[in-house]
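> Attaching a predicted model along with its sequence, questions to come.
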Amino acid sequence: MSDQTASTNPTVDSNESPLIVLNPDGSVTRHLIFPSTSATVDPNHPSRVLTKDVTLNQSNDTWLRIFLPRHVPDSSPPCKLPLVVYYHGGGFIFGSAASTPCHDFCTIIATEIPSVVVSVEYRLAPEHRLPAAYDDCVEVLHWIKTSDDEWLTKFADFSNCYLMGTSAGGNIAYHAGLRAAAKVDDLEPLKIKGLILHHPFFGGMERTGSEMRLANDEILPVRVSDLMWDLGLPIGADRDHEYSNPTVGGGSQLCDRIRTLGWKVMVTGCDGDPLIDRQIELGKMLEDKGVQVVAVLISLFSPLFPSSPGKNSKKLPPGPPTIPIIGNFLWLRKSSFDLEPILRDLREKLGPLITLRIGSRLAIFVGSYSVAHQALVQKASVFSDQPKRLATGQILSINSAAYGPTWRLLRRNLTSEILHPSRVKSYSNARKWVLGILMDRLLNSESQQSQSAEVMVVDHFRYAMFCLLTFLCFGNKLDENQIKQIETAQRRLILSFRRFSVLNFWPKVGKILFRNRWNELIEIRQNREAVLIPLIKARKEVVRQRQHQQQEGKQKEGGEDHGVVAYIDTLVDLELPDEKRKVKDGEIVSLCGAFLTAGTDTTSTTLEWIMANLLKYPRVQAKLYEEISAIVGPPPSPRKLGKEQRVVVTEEELQMMLYLKAVVLEGLRRHPLGHFVLPHSVTEDVELDGYIVPKNATVNFMVAEIGWDPKVWDDPMEFKPERFFSAGVREGEVFDITGSREIKMMPFGAGRRICLGSGLALLHLEYFVANLIWYFEWTAVDDVNLSEKFEFTVVMKNPLRAHISPRTKEE
Ligand code: HEM
């Protein structure tokens, strides 16, 4: 660190709020203080481990926390467990062995391996710069070898010891390891077998590719790691000091010693972390020196520890290693979509049920149609809950409600009041109105100069779906300005959900660390309320007047939409069963927001995917047009007809169009919007395919993998609607999209939580596809590129551009 930096009172900021301030008197104030957990030897405490704190060095104020799995003292004869010496993370500046994240993490290591864990409270910088922490962490090894602590002498296998650390603790484990390797005889009877460097923190003067790419990373931006090095390294040292850059000068000579001792070194990292290139460099350097490097990236892991005698771990579905390598909050910023290639690889190796540990959660992934059927249909009562509501989640919504009376009420209300076939039919005028709007927009789109215009379709599709769903929600044909406002408010919220997901990691800490982001979320929600509440209030007034007129036996004469029941109407008098009160306006906003989200982006994105395939495969489009025109006749010119008299392919006619249905199903199979359904959680320990899924575990279903399974579908990545007439489904027979008998694909989920808008979605898709193909011939602008990208749903990476030309020209 430069002296200059030290004297200018640097603050380490997390992008949004200072975490540490150097005071003029030389002291420091830390603003990042994690909650702490006390050690307990109380046999009645519900923890899975017994823990105790022991002084290491009074003058340095250092100590240790020892973790002993609860079942070990009770087993007979007591078994000896591997010993893990653990160093916490925190950039050398923050953290403690007593902090709850560290305590919880050590609890997992102790119980899952299982092992005796000694977690070290070492001295922190900048009060004690490096190598103070290294000194403390080696001192602990000497303390252990002579200790007469009963837990260690009785239950720890001193000949099977590992040094492990997370982040800065990984750096410490590496340096403590080098020092220990130099003096193994002095440590007898303690025998180190390996080092576990869990997302270790290293640096260097020259930026790596990942540091440059992720310079503004939300968790560890480069300026924060630079300041951590400034405050942690000896005064005058720069980031190429051996403490921070282990590869300078070709690496320490002591690595050769590690090689000859036969220690294994596990280096874990994940892409998306600015430190990943340094972790890979370290792994390579060690490998070049002949050290047994166990793994560098998550997907390549193999177990470091010999298989454990743990009871439950045997029954859990298999996962990468037994140690909780993904128990790092870096993974929380990853969506399931990012994990998909890793999961695909794991499914190949481990089978269709996989366990991953994400944060402190157990996440089970189901990658087979038959196991998905077992869970969602046969054991529906256990697999239909939702994980606990996230801090950034909706206040009240069907999809986030726990499996219980409130969810049941909300679901029943929407199904019977809005999505019931007879009610859906009553919205047919609205569909016709929206089709007119869509046609006009397509025809008048900007580049509509020539006979054959180029159109960017998705914005028009989305706008059309907003027109339709806002009608169902508010009961009015809103004007363009109102619809745009709602669309903007809704999309701001859903498109930023990944940015906000970091706030869920530890809501209390997240709110401090990412204060601006938290305020931004509040602002976006308030903005949505400002847009929706006036509409809700206006509609409530309509409902009140209607009730009043009904009481007086009067029915107002009205236009074609008179008497239409809107979603809000059904919520006004709804009473929540748990709290025995009516739904508040803020909750109506949340329910309506979820309703609009569920019905707009989902349908418009699927529509875009289907149209993309119809452009890519003109043969399919031609066949579809043939079917439509054979039933409906040739289309009129779209320009000639006024909005109200526009002739449309009607909903009754759709029922006769089997190829159309197959095209829509094939679109849903080939391009499921969520490659995973919303995570479920289980309400009790339950057996699934011979394994135990423990209570509260999160269960994810690999929808895309299931719909692309070559055991079920020939050439699964091809777009072939005809397959629905051969894969066990004969012409005229309806394909069971609900999967109640057997799951072959599950774009709408399956079981009790199945999408309750699937009927409406299919109708909307069939209606718009049929009419768009009937009126226009669609051709591709360039080769249609079907690459995917994850937004809120899985969307086209290159939005579809098309030429449209009316099939019937104006005379
Ligand atoms: C192509 C369009 C659509 C697709 C692909 C789709 C897909 C899904 C999926 C995968 C789920 C989660 C199922 C599970 O957790 O197992 C879901 C839930 C849900 N969907 Fe849809 N959906 C679509 C359209 C709609 C529409 C139009 C509505 C209503 C207006 C709707 C309302 C819902 C609701 C309320 C839930 C929550 C169900 C619950 O938790 O009980 N969806 N949808």
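Perfect, thanks for sending it.
> Relative to residue 48, how far out is the residue in the stretch 51-200 of the chain positioned nearest to the ligand?
Closest residue of the stretch 51-200 of the chain to the ligand, CB to the nearest ligand atom: residue 108 (27.6 Å). Where C-beta positions appear, they are placed from N, C-alpha and C, glycine not excepted. To residue 48, residue 108 is 9 Å away according to CB to CB, to the nearest Å.
> Who are the contact partners of residue 407?
398, 401 (CB atoms under 8 Å, 6 or more residues apart in numbering).
> which SSE is it in?
helix 405-417 (DSSP states H and E).
> then that helix to CSV, C-alphas only?
Extracted as CSV, the C-alpha positions of helix 405-417 are listed here (Å, rounded to 0.1, in the frame of the first residue of the first chain):
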residue,chain,number,x,y,z
PRO,A,405,-55.6,-21.4,2.4
THR,A,406,-54.5,-18.0,1.0
TRP,A,407,-53.0,-19.6,-2.1
ARG,A,408,-56.0,-21.8,-2.5
LEU,A,409,-58.4,-18.9,-2.2
LEU,A,410,-56.5,-16.7,-4.7
ARG,A,411,-56.1,-19.5,-7.1
ARG,A,412,-59.7,-20.5,-6.9
ASN,A,413,-60.8,-16.9,-7.4
LEU,A,414,-58.8,-16.4,-10.5
THR,A,415,-59.8,-19.7,-12.0
SER,A,416,-63.5,-19.5,-11.4
GLU,A,417,-64.0,-15.8,-11.9
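> after it comes which helix or strand?
Using DSSP H and E, the first helix or strand after helix 405-417 is helix 421-426.
> helices and strands around that following helix, which ones?
helix 758-775 (3 or more CB pairs under 8 Å, 6 or more residues apart in numbering; DSSP states H and E).
> next one: the helix it packs on to chain centre, how far?
30 Å (CA atoms, centre = their mean, to the nearest Å).
> what is the orientation angle of it with helix 405-417?
Using axes from the mean of the first three to the mean of the last three CA atoms, to 10 degrees, the direction of helix 758-775 lies 40 degrees away from that of helix 405-417.
> For helix 758-775, buried residues please.
For helix 758-775, a neighbour-count test (16 or more other CB atoms under 10 Å) marks 758-775 as buried.
> What would that helix look like as CSV? C-alpha coordinates only.
Below are the C-alpha coordinates for helix 758-775, written out as CSV (Å, rounded to 0.1, in the frame of the first residue of the first chain):
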residue,chain,number,x,y,z
SER,A,758,-52.5,-22.2,-19.7
GLY,A,759,-56.0,-22.4,-21.3
LEU,A,760,-56.0,-18.6,-21.9
ALA,A,761,-52.4,-18.6,-23.1
LEU,A,762,-53.1,-21.4,-25.6
LEU,A,763,-56.2,-19.5,-26.9
HIS,A,764,-54.3,-16.3,-27.2
LEU,A,765,-51.4,-18.0,-29.0
GLU,A,766,-53.7,-19.9,-31.4
TYR,A,767,-55.8,-16.8,-32.1
PHE,A,768,-52.9,-14.5,-32.9
VAL,A,769,-50.8,-17.0,-34.8
ALA,A,770,-53.8,-18.0,-37.0
ASN,A,771,-54.8,-14.5,-37.8
LEU,A,772,-51.3,-13.2,-38.4
ILE,A,773,-50.6,-16.1,-40.8
TRP,A,774,-54.0,-15.8,-42.5
TYR,A,775,-53.6,-12.1,-43.3
